[in-house]
Structures are given as C-alpha cells and as structure tokens.
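Engineer: predicted model, plus sequence, below.
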Amino acid sequence: MQFVPIYRSLRSRMRLMCRLIGVPLLLASLYPLSALSAPLTLEQAWQQAEQANPALRASQANLAAAQGELTDARAPLWNNPQLATEWRKRTIPQTTDPARSNREWTVGLAQTFEIAGQQDKRRSAAEQSLAATQEVITETRRQLRAEVEQRFVQVLSLQLRIQMEERTLKLIQEAATAVRKRVAAGEDSRLDGNLAKVEAERAQNQVSVLREQLVQARAELATLLQLPADNLPEVGGYLDPSSASYTLQELLASAANRPLLRAFDYREKAARSRLDLERAAVYPDVTLGLSSAREGPANPQDRITGLSITLPLPLFRRNATGIGRATTELTQAQVQQQAVQRDARAQVLALWERWENLKTRVKRLSESVLPSLQENQHLSSVSFRAGEIGLLQLLLVNRQVLDGQRDLLDARTDLRLTQVTLEAAAGWQSAREAR
C-alpha cells in the first residue's frame with residue numbers, strides 16, 4: 001500500500017514536467033525559431049523601408065495638400081457667396097403722441113465673380129502640382145529602394161568578407177600550430193615561430209576590424225529601415241547582380257522619362273499656369289449683390305429691392321508682387337529641369353562605362369587569377385606539410401590568395417553597387433520592382 005502515495009507523487013510530478021515542457025513547445029509552434037532568427041532578405045528590407053522610412057512617409061504626406069488644392073480649384077466658383085442681414089429699430093418723435101418705434105430689416109446676398117478666366121488657370125496649376133507630387137513620391141520610393149539595396153549589399157559583402165578572412169585565419173593558425181611543434185622539436189627556429197604567431201595575430205585583428213565595420217553597416221541599414229535600436233539585421237542573399245537585359249540606349253531613353261524629370265516638367269507647367277493666374281488677377285473681380293428690405297411705419301411698410309455692382313479700379317496696385325514671384329518660380333523650375341536632364345544623361349553614361357569595366361574585371365579575376373592562386377595554395381599546403389617549403393613561402397602564397405579573394409569580392413561588390421546606382425539614375429524598373 002505504501003507504493004500508492006509514491007505512484008501519485010510521481011504522476012503529479014510528471015504532469016508538472018509535461019506542462020513546463022509544453023509551454024516552450026507551444027511557443028515554438030506559434031513562433032518558429034527559424035522565422036525569428038532568419039536572415040533579412042532584400043524583398044523584406046524593401047517592404048519594411050516603404051512602410052517605415054521617414055523620408056518616404058513625409059513625401060507621401062504632401063499628397064493630401066495637393067489633393068486639397070485641386071478640390072478647391074475644381075469648385076464652380078473660387079469665392080464664396082456672402083449673406084448679410086440687418087435689423088433696425090427706428091424711433092420717430094411725435095408732438096402730441098408718445099414716440100413711435102418702427103422695426104425694419106434688410107437681407108442681402110453678394111457674389112464675387114472672376115472675369116479673366118482665373119478658375120481654369122487655377123485648376124490647371126492644381127492638377128499639375130498634384131501630378132508633380134505623385135511623381136516625386138514615385139522617385140522617392142525608387143531612390144529609397146536603391147539606397148536600401150546598397151546598404152543591404154554592403155552588409156552582405158562584409159559578411160562574406162568575414163567568412164573569407166576566418167577561413168584564412170584558420171589556415172594560418174594551423175600553420176602556426178605546426179611551426180610551434182617544429183620549434184619544440186628543434187626542426188625550425190624561433191624566428192619562424194614568432195613569424196607564425198605574428199601572422200596569426202594580424203589575421204585575427206583583421207577579422208576584428210571587419211566585425212566592427214559590419215556592426216556599423218548593420219546599424220546604418222537598421223536606421224534606414226527604422227528597426228529597433230537593439231535589432232541589427234543579419235542579411236541573406238546573393239552578392240552577384242541579376243542579369244541585365246538592357247542596352248545603353250534603353251537606359252538613356254528611360255533616364256529621359258524618369259519620374260524625377262516628369263516631376264520637374266509638371267512643376268514647370270504648374271509654375272506657368274500660376275504666372276498666367278497672377279497676370280489675370282490684374283483684372284478686377286466683379287461683385288453682384290441682391291438685397292431686400294422693409295422700412296417705414298408698421299402698417300403699411302415700404303418694400304425695397306436693390307441690385308448692386310461693385311468693381312474695384314486697378315489704378316495703384318496691379319499685382320506686380322504676385323507676377324514677379326510667379327515669374328521667379330517659373331524661371332527656377334526651368335533651370336532645375338534643364339540641369340537635371342543634363343546630369344541624368346551624363347551620370348548614366350559614366351556609370352555605364354564603369355559597369356562595363358567592372359564586369360570585365362570580375363570575369364578576369366574569377367576565371368583566370370583566382371583559380372591559379374587557389375591551386376598554388378593547395379600545392380603550398382601539401383609541400384609545407386611535407387617539409388618541402390618553409391613558412392615564409394607558405395605565408396607568401398596564402399597572402400597572394402587572400403589578396404586575390406579580396407580583389408574579387410571588392411570587384412563583385414562594386415559591380416553590384418554600380419548596377420544599382422545605374423538603374424536608379426536611369427529610372428529603370430527591374431523585374432523584382434515590377435513584381
């Protein structure tokens with residue numbers, strides 16, 4: 001019978017353990033570890049930036065002002081009608097009778113009309129301003145995507161660089177261990193041992209420096225994506241750019257029609273419409289008024305109906321200030337448009353030449369230089385273990401291989417960054433952006 005309490009105690013403990021184990025399992029099923037710790041992809045970075053980036057959100061906020069301006073401009077009349085009412089009490093003294101009081105009232109309605117076609121010009125300016133705002137938002141979004149991709153590529157390149165340096169560090173540490181054994185056995189001198197130790201420390205220091213640079217790059221990417229301060233993203237993806245199917249002429253044609261240039265064109269048209277509006281404002285507005293009033297003794301009262309026309313005389317002020325400001329705005333818009341058109345074409349031409357040179361350099365390094373260096377590294381490692389070469393020769397070969405790998409990685413990184421900048425300068429819409 002004494003086993004019954006023991007069995008019950010064990011059963012209760014088992015239930016408690018199942019509950020304690022079940023909670024983490026339940027959390028793991030709801031929030032998979034792979035989903036929480038998965039590296040950030042480029043598409044995810046784009047989505048996060050478009051939702052949280054302050055520059056894009058500020059640009060999108062301007063849309064409400066442009067839409068409100070267009071709504072007002074589309075009204076039938078620019079000026080609102082004016083309603084006026086007046087109530088009076090008139091006291092008339094009498095010689096024999098007490099003073100007599102008459103209650104009188106007046107109701108009037110007035111409307112101001114523009115006579116020089118200002119409403120059409122105002123509506124045209126508002127439509128062009130709205131179109132310019134929409135193009136600016138599109139351009140801001142594309143530039144943001146390009147900047148996000150550049151930051152993403154920099155983080156990815158540093159991650160690959162650290163992996164490469166760590167592999168080299170491992171080879172150097174293995175060589176240093178072998179040298180220490182030879183020094184202990186009297187086969188190598190202490191000079192070789194110190195040289196191996198120094199080389200290993202230099203490689204370790206290089207890895208530490210790269211890790212510091214990686215932290216800075218990840219922090220800049222997190223700032224661009226507006227991620228929490230303690231959440232530095234780790235990225236995942238491919239460093240090599242996607243295959244490009246465009247030509248230089250196609251890029252130049254796209255650059256001539258990029259959203260930024262369309263925005264400046266709309267701004268120039270809006271400024272021209274505002275100049276026409278300010279010139280039309282020289283002509284005075286006509287105000288028509290209709291009124292009805294009752295005056296006189298209480299019985300019968302006089303009914304008075306009136307029609308008024310008000311026309312200001314433009315003798316002293318002829319809207320020179322408004323015309324001057326509108327002229328300045330138009331001139332500035334034209335100058336900026338011409339400068340952007342020239343700079344866009346020149347930038348595309350320069351980036352295209354750099355992009356072609358980088359493709360040739362990457363192909364040469366990956367197909368000719370690096371395979372020979374890797375073969376030399378393998379042969380030198382075998383020869384070093386066999387005692388055919390010394391530490392200096394091994395370090396020289398490893399250094400050449402590391403320099404070649406660095407050159408290739410830097411060239412691949414520059415090629416990707418240059419292609420991103422080229423497509424952004426040309427306003428080219430890639431296949432991934434189209435999706």
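Structural biologist: Okay, I see it. Small disclaimer: the values here were computed from a predicted structure and weren't measured.
Engineer: next one: stretch 353-367 to chain centre, how far?
Structural biologist: Chain-centre distance of stretch 353-367: 29 Å, with Cα atoms, centre = their mean, to the nearest Å.
Engineer: ugh, wrong one, stretch 328-343
Structural biologist: Put simply, stretch 328-343 sits 23 Å off its chain's centre (Cα atoms, centre = their mean).
Engineer: so for it, mean pLDDT?
Structural biologist: Stretch 328-343 shows a mean pLDDT of 92.
Engineer: would you list every one of the helices in the stretch 201-350 of the chain?
Structural biologist: Ranges of helices within the stretch 201-350 of the chain are 248-255, 259-280, 320-364, based on DSSP state H, counting those that start in this stretch.
Engineer: out of those, flag the one nearest residue 69.
Structural biologist: Closest to residue 69 of the helices of the stretch 201-350 of the chain, according to Cβ to Cβ: helix 259-280, at 10.2 Å. Where you see a C-beta, it was placed from the backbone N, CA and C, and this is true even at glycine.
Engineer: show me what that closest one is packed against.
Structural biologist: Counting contacts by 3 or more Cβ pairs under 8 Å, 6 or more residues apart in numbering; DSSP states H and E, helix 259-280 packs against helix 118-185, helix 320-364.
Engineer: mean neighbour count, the ones you listed: which tops it?
Structural biologist: helix 118-185 (a mean of 19; mean count of other Cβ atoms under 10 Å).
Engineer: relative to helix 259-280, how tilted is that helix?
Structural biologist: Here helix 118-185 runs at an angle of 150 degrees relative to helix 259-280 (axes from the mean of the first three to the mean of the last three Cα atoms, to 10 degrees).
Engineer: what packs against helix 118-185?
Structural biologist: In this structure, helix 118-185 packs against helix 42-52, helix 54-73, helix 190-225, helix 259-280, helix 370-385, helix 391-426, with contacts taken as 3+ Cβ pairs under 8 Å, 6+ apart.
Engineer: and the shortest one, what's buried?
Structural biologist: Spelled out, that is helix 42-52. For helix 42-52, a neighbour-count test (16 or more other Cβ atoms under 10 Å) marks 42, 44, 45, 46, 48, 49, 50 as buried.
Engineer: what sits up against stretch 79-88?
Structural biologist: 103-114, 285, 291 (Cβ atoms under 8 Å, 6 or more residues apart in numbering).
Engineer: now render these as a markdown table, adding pLDDT and distance to residue 350.
Structural biologist: Formatted as a markdown table, the contacts of stretch 79-88 follow (pLDDT from 0 to 100; distance: Cβ to Cβ, whole Å):
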| residue | pLDDT | distance to residue 350 |
| --- | --- | --- |
| 103 | 80 | 84 |
| 104 | 82 | 82 |
| 105 | 85 | 78 |
| 106 | 90 | 75 |
| 107 | 93 | 72 |
| 108 | 93 | 69 |
| 109 | 94 | 66 |
| 110 | 94 | 63 |
| 111 | 93 | 60 |
| 112 | 93 | 56 |
| 113 | 93 | 56 |
| 114 | 91 | 50 |
| 285 | 91 | 54 |
| 291 | 92 | 71 |
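Engineer: among those residues, which one sits closest to residue 321?
Structural biologist: Lowest distance from residue 321 to the contacts of stretch 79-88 (Cβ to Cβ) belongs to residue 285, with 17.6 Å.
Engineer: pretty sure the closest one contacts residue 312?
Structural biologist: Yes: with contact defined as Cβ atoms under 8 Å, residue 285 counts as touching residue 312 (7.2 Å).
Engineer: export the buried residues of helix 42-52 to TSV and tack on distance to residue 279?
Structural biologist: Shown next, in TSV, are those (distance: Cβ to Cβ, whole Å):
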residue	distance to residue 279
42	51
44	52
45	50
46	46
48	48
49	44
50	42
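Engineer: of residue 285 and residue 312, which one has the most company?
Structural biologist: Neighbour totals were compared for residue 285 and residue 312, and residue 285 leads with 16 against 11 (other Cβ atoms under 10 Å).
Engineer: which residue is the nearest non-sequential neighbour of the more buried one?
Structural biologist: residue 112 (5.0 Å; Cβ to Cβ, 6 or more residues apart in numbering).
Engineer: distance of the one you found from residue 278?
Structural biologist: Distance from residue 112 to residue 278, counting by Cβ to Cβ, to the nearest Å: 18 Å.
Engineer: pick out whichever of these two has more residues nearby.
Structural biologist: residue 278 (21 against 16).
Engineer: now do the same contact list for that one.
Structural biologist: Taking Cβ under 8 Å, 6+ apart, we find residue 278 in contact with 319, 322, 323, 325, 326.
Engineer: any idea how far residue 324 is from it?
Structural biologist: For residue 278, the distance to residue 324 - Cβ to Cβ - is 9 Å.
Engineer: repeat that for residue 399.
Structural biologist: 69 Å.
Engineer: of the buried residues of helix 42-52, closest to residue 171?
Structural biologist: Closest to residue 171, out of all of these and judged by Cβ to Cβ, is residue 42, at 32.0 Å.
Engineer: hang on, the closest one packs against residue 152?
Structural biologist: Yes: applying Cβ under 8 Å, one finds residue 42 in contact with residue 152, separated by 5.5 Å.
Engineer: overlap in contacts, these two.
Structural biologist: Here residue 42 and residue 152 have 235, 237 as joint contacts, going by Cβ under 8 Å, 6+ apart.
Engineer: which residues does residue 331 contact?
Structural biologist: Listed by Cβ under 8 Å, 6+ apart, residue 331 has no contact partners.
Engineer: for the one 10 residues further on, same thing?
Structural biologist: By Cβ under 8 Å, 6+ apart, the residues touching residue 341 are 256, 261.
Engineer: the one 3 residues further on now?
Structural biologist: Counting by Cβ under 8 Å, 6+ apart, residue 344 makes contact with 255, 256, 258, 260, 261, 425, 426.
Engineer: could you dump the residues you listed to TSV with distance to residue 361, pLDDT and neighbour count?
Structural biologist: Formatted as TSV, these follow (distance: Cβ to Cβ, whole Å; pLDDT from 0 to 100; neighbours: other Cβ atoms under 10 Å):
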residue	distance to residue 361	pLDDT	neighbour count
255	25	91	23
256	30	90	15
258	28	91	23
260	31	92	21
261	32	92	18
425	21	92	25
426	22	91	25
